[in-house]
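Enquirer: predicted model, plus sequence, below.
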Amino acid sequence: MTTIANNLQQVMGRIAQACQAAGRDPAQVGLLAVSKTFGADAVLEAVAAGQRAFGENYIQEGVDKIAAVRAALPGAALQWHCIGPIQSNKTRPVAEHFDWVHTVDRLKIAERLSAQRPDHLPPLQICIQVNIDGGPTKSGVAPAEALDLVRAVAKLPRLVVRGLMSIPDHAPEFEAQLAIHRSARALFDQMAALGEPGLEHFDTLSLGMTADLEAAIQAGSTLVRVGTGVFGGRTYPAA
């Protein structure tokens, strides 16, 4: 068994244990393998081990990797999620190559993604990024403004609003992690309960990473984003 396959098995075990502790069905929680800074070969290893959904933070790296993986595995049913910040001049490659976007925090970005999504592709699946703990260096719409943004994005063609995503500041203790993630869950539940037009598929709460996936699952995450736990430690290029 390759290291990535073994890592995936361990992460899935953690997810299953966390679901058991939370009284949840493991089928309710998906795993997004965050492959940023790792090459197409690493993704192919993960695919061989059964992983199908991948997250990329850097747009051009992601686009190149998607092309390489599709060339190696033509017709493979994989999902590609953009989980990094998007500048307005970089929306076109996201609209043309990704299946999901987790980091919409401004209406302008959503409008450009909508306009640039090719007609031959299915609608782009959108999560609104919320700065749930108010971190000064974090992206995301303020919680008090999130509902207005969700409503506005839901009206745009070629997009489907699927839920919320947050990346809170690191908290070392489980209870602190849980409290932050529960804030995101409460906001999600508030929106989901509205039953408004355009929110028929509002079912995704993208919370939790390698270090805090247990707390995220306890709080109600439906999709955990795990990079280091799957692919190992990262080496970033020098600035």
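Expert: Noted; the coordinates are in hand.

Enquirer: and the helices in this protein, which stretches?
Expert: 3-22, 40-48, 59-72, 91-97, 107-116, 143-154, 174-192, 213-219, 228-231 (DSSP state H).

Enquirer: among the ones you listed, which is the most enclosed?
Expert: helix 213-219 (a mean of 24; mean count of other Cβ atoms under 10 Å). In this view, the C-beta of every residue, glycine as well, is placed from N, C-alpha and C.

Enquirer: what comes into contact with it?
Expert: 11, 14-15, 17-19, 21-22, 24, 29, 174, 177-178, 181-182, 184-185, 207-209, 221, 224, 226, 229 (Cβ atoms under 8 Å, 6 or more residues apart in numbering).

Enquirer: with just CA atoms, put that helix into PDB.
Expert: Taking C-alpha atoms only, helix 213-219 is exported to PDB below (Å, rounded to 0.1, in the frame of the first residue of the first chain):
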ATOM      1  CA  LEU A 213     -11.800  17.600  11.500                       C
ATOM      2  CA  GLU A 214     -13.200  15.900  14.700                       C
ATOM      3  CA  ALA A 215     -14.500  19.100  16.100                       C
ATOM      4  CA  ALA A 216     -15.900  20.100  12.600                       C
ATOM      5  CA  ILE A 217     -17.700  16.800  12.300                       C
ATOM      6  CA  GLN A 218     -19.100  17.100  15.800                       C
ATOM      7  CA  ALA A 219     -20.400  20.500  14.800                       C
END
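
Enquirer: quick thing: my sequence starts at 23, can you match it?
Expert: Sure, I'll start numbering at 23, so the last one becomes helix 235-241.

Enquirer: just give me how far it sits from the chain centre.
Expert: 15 Å (Cα atoms, centre = their mean, to the nearest Å).

Enquirer: cool, stretch 112-121 as well?
Expert: 15 Å.

Enquirer: and for stretch 107-120?
Expert: 15 Å.

Enquirer: also stretch 187-204?
Expert: 16 Å.

Enquirer: swap in stretch 209-219?
Expert: For stretch 209-219, the distance to the chain centre is 19 Å (Cα atoms, centre = their mean).

Enquirer: list the contacts of the residue nearest to G156 when sequence neighbours are not counted.
Expert: Leaving aside its sequence neighbours, G156 sits nearest to A164 (Cβ to Cβ, 6 or more residues apart in numbering; 7.5 Å). By Cβ under 8 Å, 6+ apart, A164 lies in contact with 152-153, 156.

Enquirer: please redo it, this time with the cut-off set to 10 Å
Expert: A164 makes contact with 127, 152-154, 156, 171 under the criterion Cβ atoms under 10 Å, 6 or more residues apart in numbering.

Enquirer: so how far is Q39 from it?
Expert: Using Cβ to Cβ, to the nearest Å, A164 is found at 34 Å from Q39.

Enquirer: returning to that earlier point: wait, which of the helices of the chain is closest to P190?
Expert: Closest to P190 of those, according to Cβ to Cβ: helix 196-214, at 4.5 Å.

Enquirer: send the alpha carbons of the closest one over as CSV?
Expert: Extracted C-alpha coordinates of helix 196-214, given in CSV (Å, rounded to 0.1, in the frame of the first residue of the first chain):
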residue,chain,number,x,y,z
PHE,A,196,-11.1,20.8,20.9
GLU,A,197,-13.8,22.8,22.8
ALA,A,198,-12.6,26.1,21.2
GLN,A,199,-12.6,24.5,17.8
LEU,A,200,-16.1,23.1,18.4
ALA,A,201,-17.5,26.5,19.5
ILE,A,202,-16.2,28.2,16.3
HIS,A,203,-17.5,25.5,14.0
ARG,A,204,-20.9,25.5,15.8
SER,A,205,-21.2,29.2,15.0
ALA,A,206,-20.9,28.3,11.3
ARG,A,207,-23.4,25.5,11.7
ALA,A,208,-25.9,27.8,13.3
LEU,A,209,-25.6,30.3,10.4
PHE,A,210,-26.0,27.4,7.9
ASP,A,211,-29.1,26.1,9.7
GLN,A,212,-30.6,29.5,9.7
MET,A,213,-30.2,29.8,6.0
ALA,A,214,-31.3,26.3,5.2
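
Enquirer: since that was my last question, I'll sign off now.
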